[in-house]
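okay, sequence plus prediction incoming.
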Number of protein chains: 2
Amino acid sequence: MMETMHYTRDNMAGLLRSHDINPTHQRIEIAHALFSRQEHLSADQVMAIVNTRHSETSKATVYNTLKLFLEKGLVREVIVDPSKVFFDPNTSPHHHLYEVDTGKLSDIDATHVQISGLPTLPEGMVTEGIDLIVRVRRAQ
Amino acid sequence: MMETMHYTRDNMAGLLRSHDINPTHQRIEIAHALFSRQEHLSADQVMAIVNTRHSETSKATVYNTLKLFLEKGLVREVIVDPSKVFFDPNTSPHHHLYEVDTGKLSDIDATHVQISGLPTLPEGMVTEGIDLIVRVRRAQ
DNA sequence: TCCGGATATTAGACAAAGTCCAGATTGGTG
DNA sequence: CACCAATCTGGACTTTGTCTAATATCCGGA
């Protein structure tokens, strides 16, 4: 039986190490912001959260760190809003529901979703990922 | 039998009118850029094409016009690259194949693709569209 | 033909997201 | 302690896109 996971800062250090990331103060704070909330956050939102009390982490570090997390497979990138990228701490297979009028983004579990009939890929190409985004809005 | 469509500037005027868009010089040029190529173009690319000879159409007009085309259902917006939006003159149901390393974007016909098992929408929500993006890269 | 109002276009200032760089800090290790 | 590598930083910069106020164009009626 799996214990309920608590996203303490200490646990973050272990999580980072397990992904081959040197756990610095800033990286722990940024990981904590994402994982303790389990929400989709933009770089701006991450920076705001991390710097609530006093400014502690620079913009460059936030961007560098999020890119590092992405490369190491710790988070996923969600591209739904042309104006900003969201980072998703949930890396298990899932899709997204995007409310275009509010900007609210939520997960769609992938276990029951079937996608069939996709053409075979061009020679020498491999799939990096399949993004399925359901765009919805409030009925008028 | 459908004649092969030729995307002349004259035909563009008719196309615009049929979508309830007043066909001005600039709008015809922008529509012509998109439809004669049948490619995904960013606003920047559209501007470059329209202003090849001498500068004729302002940035504001290009953006205004593309937004207008979008509202009137003449083109579709494709959000795959975090840095820019692409506009797609193909409005028939289809999906996208995105080569992440080159930025090349191509269509996947939707007639053979089946998506099943999506959850029912929250009360009072309607689907605006479903975007399916297959991200691929050259095998290393 | 001329006028007036509605529609469209324009240059340029502005905003926001993200990148880049050169210098400063930090954290081990011998 | 001294050193080296890794990391972080402020701030300048770039790019995409928006906004605004002034100008231009179009069109219908007197």
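In hand now; what should we look at?

now do the same contact list for A:E128.
B:V100, B:R135, B:V136, B:R137 (CB atoms under 8 Å, 6 or more residues apart in numbering or on different chains). All C-beta atoms are positioned from the backbone trio N, CA, C, and that covers glycine.

quick one: average confidence on stretch A:27-40?
Stretch A:27-40 shows a mean pLDDT of 96.

what does stretch A:96-103 give?
Taken as a whole, stretch A:96-103 has a mean pLDDT of 91.

centre of the chain to that stretch, how far?
Centre-to-centre, stretch A:96-103 and its host chain are 16 Å apart (CA atoms, centre = their mean, to the nearest Å).

in it, what's buried?
For stretch A:96-103, the neighbour count (16 or more other CB atoms under 10 Å in any protein chain shown) marks A:H96, A:L97, A:Y98, A:E99 as buried.

is chain B contacted by that stretch?
Yes. If you take CB under 8 Å from any CB of the partner chain as the test, stretch A:96-103 does meet chain B, through A:E99, A:V100.

list the contacts of that stretch.
Residues contacting stretch A:96-103 (CB under 8 Å, 6+ apart): A:78, A:80-81, A:104-108, A:131-138, B:125, B:128.

quick one: end-to-end length of it, please.
Terminal residues of stretch A:96-103 lie 12 Å apart, using CA to CA, to the nearest Å.

now the residue minimising distance to the centre of chain A. Nearest residue, chain neighbours left out?
The centroid of chain A falls nearest to A:D88 when counting by CA atoms, centre = their mean (1.4 Å). Take A:D88 and drop its neighbours on the chain: the residue closest to it by CB to CB, 6 or more residues apart in numbering or on different chains is A:R76, 4.4 Å away.

and A:I30, by the same measure?
Spatially, and ignoring its direct neighbours in sequence, A:I30 is nearest to A:T65 (5.0 Å; CB to CB, 6+ apart).

so the one you found sits against A:I28, correct?
No. A:T65 lies out of contact with A:I28 (CB atoms under 8 Å); the separation is 10.1 Å.

more crowded one of these two?
For A:T65 versus A:I28, neighbours defined as other CB atoms under 10 Å in any protein chain shown are more numerous around A:T65 (22 against 19).

top strand in chain A by residue count?
Counting residues, the longest strand in chain A under DSSP state E turns out to be strand A:125-138.

what are the buried residues along that strand?
Using 16+ other CB under 10 Å as the test for burial, strand A:125-138 gives A:I130, A:D131, A:L132, A:I133, A:V134, A:R135, A:V136, A:R137.

parallel or antiparallel, list what pairs with that strand.
strand A:94-99 (parallel), strand B:125-138 (antiparallel) (DSSP bridges).

can you tell if whichever strand or helix holds A:G14 touches DNA strand C?
Assigned by DSSP states H and E, A:G14 falls within helix A:9-18. No. Helix A:9-18 is not in contact with DNA strand C by CB under 7 Å from any atom of the strand; minimum separation 11.7 Å.

for the helix or strand just after that helix, buried residues please.
In the C-terminal direction, the helix or strand that comes right after helix A:9-18 (DSSP H and E) is helix A:25-37. Judged by neighbour count using 16+ other CB under 10 Å, the buried positions of helix A:25-37 are A:Q26, A:R27, A:I28, A:E29, A:I30, A:A31, A:H32, A:A33, A:L34, A:F35, A:S36.

right, I'll leave it there.
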